[in-house]
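Visitor: Sequence and predicted structure are below.
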Amino acid sequence: MNDKPWLRSSFSSDSEFVVLRPGWDSLLGWGMILVACSIFLFFGYLFSYGSGNPVVISLGISLTVGCLIKLIEVFFRYIYIDDKNVKISVPLYTVSRSISDIAGIDWWQLKYRSRYYTFYALRGKDKRSIVILGEDAWQSLHEAIRYIASQKSLEPVFVKPPVTIVSHWVLVMVLFTSVFFLCSLPQFHPIICFGKH
């Protein structure tokens, strides 16, 4: 599905700036993950209370706190783009790059559950990616790309996806497995454990 989605956006050439906000798909997705981790934490507490083993509840606490922090970050982050700068702001961290640093725009699409999601990579003069943005995580993304393309007189280039949905989930599973085995080591058990003593 290659149809240059930024050309179908409702972008107005009179706009002086574009602000990207988190998409509802991203907020809902992380909210559901947080609920799942909270349920895992609850059952981990019951398991630890019955067995006296703190490994499961340690993992539950780590995942729940991590997902809560990520949800807060997703809710408050934004990207402000004008004719001079691209400003990326997340809680406790802000970075600004000059729009003149953008030398090219790559784009690709990934299919997930019968729907195509479009991703863009803003490339610098050294051919490296400055930032990668996906429409699964940002609202008004196509408008922003059309704005940047018009400011820089660039034509986004369709490229082969650098990652697939399958490889993404394999990476996530490897990460979760690594965290679980790390929490299984006695020296990483929390000092304060909920349950029997």
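Guide: Cool, got the structure.

Visitor: Phi and psi next, for the residue most central in space within the chain.
Guide: The centre of the chain sits closest to Ala137, judged by C-alpha atoms, centre = their mean, with a distance of 6.4 Å. Note on Ala137: its backbone torsions stand at phi -120, psi -10 [degrees, to the nearest 10].

Visitor: list the contacts for it?
Guide: Pro22, Gly23, Asp25, Ser26, Val74 (C-beta atoms under 8 Å, 6 or more residues apart in numbering). The way it works is simple: take the backbone N, C-alpha and C, and place the C-beta from them, glycine included.

Visitor: burial measure for Ala144, as a count.
Guide: Counted by other C-beta atoms under 10 Å, the residues lying close to Ala144 total 25.

Visitor: Give me the local confidence score for it.
Guide: pLDDT recorded at Ala144 is 92.

Visitor: Regarding Val95, which helix or strand does it belong to?
Guide: Using DSSP states H and E, Val95 sits in strand 93-98.

Visitor: Doesn't Ser26 belong to a helix?
Guide: Yes - according to DSSP: H, G, I helix; E, B strand; the rest coil, Ser26 belongs to a helix.

Visitor: Can you give me the distance of the residue nearest to the centre of the chain to Val56?
Guide: Between Ala137 and Val56 the computed distance is 31 Å (C-beta to C-beta, to the nearest Å).

Visitor: next one: Asp136
Guide: For Asp136, the distance to Val56 - C-beta to C-beta - is 31 Å.

Visitor: Counting neighbours around each, name which of those two comes out higher.
Guide: Shown here are Asp136 and Val56; by other C-beta under 10 Å, Val56 has more neighbours (20 against 16).

Visitor: still on that earlier bit, most neighbours of all the contacts of Ala137, which one?
Guide: Highest neighbour count within those, by other C-beta under 10 Å: Ser26, with 21 neighbours.

Visitor: for this protein, what spans make up the helices?
Guide: Taking DSSP state H, the helices of the chain run over residues 24-51, 55-76, 141-152, 165-184.

Visitor: would you turn those into JSON lines with distance to Tyr117?
Guide: Shown next, in JSON lines, are those (distance: least, C-beta to C-beta, whole Å):
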{"stretch": "helix 24-51", "distance to Tyr117": "9"}
{"stretch": "helix 55-76", "distance to Tyr117": "16"}
{"stretch": "helix 141-152", "distance to Tyr117": "10"}
{"stretch": "helix 165-184", "distance to Tyr117": "9"}
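
Visitor: Which of the ones you listed has the lowest mean pLDDT?
Guide: Mean pLDDT is lowest for helix 165-184 out of the helices of the chain, coming in at a mean of 59.

Visitor: Can you give me the neighbour number for Leu59?
Guide: When neighbours are counted by other C-beta under 10 Å, Leu59 registers 21.
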